[in-house]
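based on what follows, work out the 3D shape:
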Amino acid sequence: MKGTHFKQPLEYKIEIAGESWKQGSNIQGTLEVKCHSGEDISISRLGVQLSYCTKKKLKEKDLAGISEIESSLRSGDSTSLDFNFTLSEKCPITEKSKSLYLIYGDLDNPFDSGFLEIEVTPSKTITDFIQTFEQFFRFKLKTLKMKKNVIEAIATPPASKDWTSIQKMSLQFSMEGDTLLVNFIFSLKKMSFDSSVEKTKDEKREVSLSIGKSEYERYGTFNQEAIQKMISDVLEQIKVKPLL
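Predicted coordinates:
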């Protein structure tokens, strides 16, 4: 991925290895600075900054929309800078309204600098879990969003009488070191037979899984069989049982 920004008399060129990144991966690249005049230019914080930004506020040039995470500064009068940012396992993923950006140039004056949006997707472990859930159980997960350091998605069950009790369902994902945390949240409408009268009642149920690396990984690959069993055990608690 490349980007170029001009702020006379300076020209900034940035090049990054890759087009998209997963949580926990590295963003590596180089910033080149070229001056198109003979005058001395003094910028105290010239470099690259990893920031979490609100897209609407960026369009409005509102500094409140920029939250700095980490920066790498040019040393002395050097015309190039190599940088390497390590994304945390809980870093924000790219959403429609918010995203990680690299700001390059005069970091004290970000709107005089260049902006490069960084596409970040969930970690490989979370992505593999989602693919297993959708492929083998035919549930579909809608747009993924960050919510208090966890990734949350609304899940749509398949059209089957087994899942007619589900009014709403969401899943929350996060990594704690090598441990995958998954929280299933169900809003259910259950049958009730109080006083011999058939009624329905609303019920909320949560089921949490804490899955160690030795459980979700086998011989260096994702252990779909083990994860299928865990998901099946959770869904079995929700499945509509036939009346005897």
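
check the offset of stretch 172-192 from the chain's centre.
Chain-centre distance of stretch 172-192: 17 Å, with Cα atoms, centre = their mean, to the nearest Å.

buried residues, that stretch. List them.
In terms of neighbour count (16 or more other Cβ atoms under 10 Å), stretch 172-192 has its buried residues at Gln172, Phe173, Ser174, Met175, Leu180, Val182, Asn183, Phe184, Ile185, Phe186, Leu188. Quick note: C-beta positions are derived from backbone N, CA and C, even for glycine.

pretty sure Ser187 contacts Ser165?
No. Taking contacts as Cβ atoms under 8 Å, Ser187 lies outside contact range of Ser165: 9.6 Å.

hang on, the earlier thing: as CSV, the buried residues of stretch 172-192 with distance to Ile69 would be great.
CSV is the format used below for the buried residues of stretch 172-192 (distance: Cβ to Cβ, whole Å):
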residue, distance to Ile69
Gln172, 22
Phe173, 21
Ser174, 18
Met175, 18
Leu180, 23
Val182, 26
Asn183, 25
Phe184, 30
Ile185, 29
Phe186, 34
Leu188, 39
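
in helices only, show me those.
Among these, no member is found in helices (DSSP state H).

what's the most distant pair in these?
Farthest pair in the buried residues of stretch 172-192 (Cβ to Cβ) is Met175 and Leu188. Separation: 28.1 Å.

got the contact list for the residue nearest in space to the middle of the chain?
In the chain, the centroid-proximal residue (Cα atoms, centre = their mean) is Ile93; its distance is 2.4 Å. In this structure, Ile93 makes contact with Gln23, Val120, Thr121, Pro122, Leu144, Met146, Ile151, judged by Cβ atoms under 8 Å, 6 or more residues apart in numbering.

pretty sure it sits in a helix.
No. Membership of Ile93 in a helix is not supported by DSSP: H, G, I helix; E, B strand; the rest coil, which gives coil.

for it, give its distance to Tyr52.
To Tyr52, Ile93 is 11 Å away according to Cβ to Cβ, to the nearest Å.

pLDDT weak spots in this structure?
Residue ranges of the chain with pLDDT under 70: 191-199, 242-244.

okay, helices next: where are they in it?
Remark: helices assigned in the chain by DSSP H are 55-59, 124-137, 213-216, 224-236.

need the residues that contact the longest one.
Contacts made with helix 124-137 from outside it, assessed by Cβ under 8 Å, 6+ apart, are listed as 22-23, 121-122, 139-141, 151, 153, 155, 158, 171, 173, 175, 180, 182, 216, 222, 224, 227-228, 231-232, 235.

list the buried residues of it.
Buried positions in helix 124-137, judged by neighbour count with 16+ other Cβ under 10 Å: Thr125, Ile126, Thr127, Asp128, Phe129, Ile130, Thr132, Phe133, Phe137.
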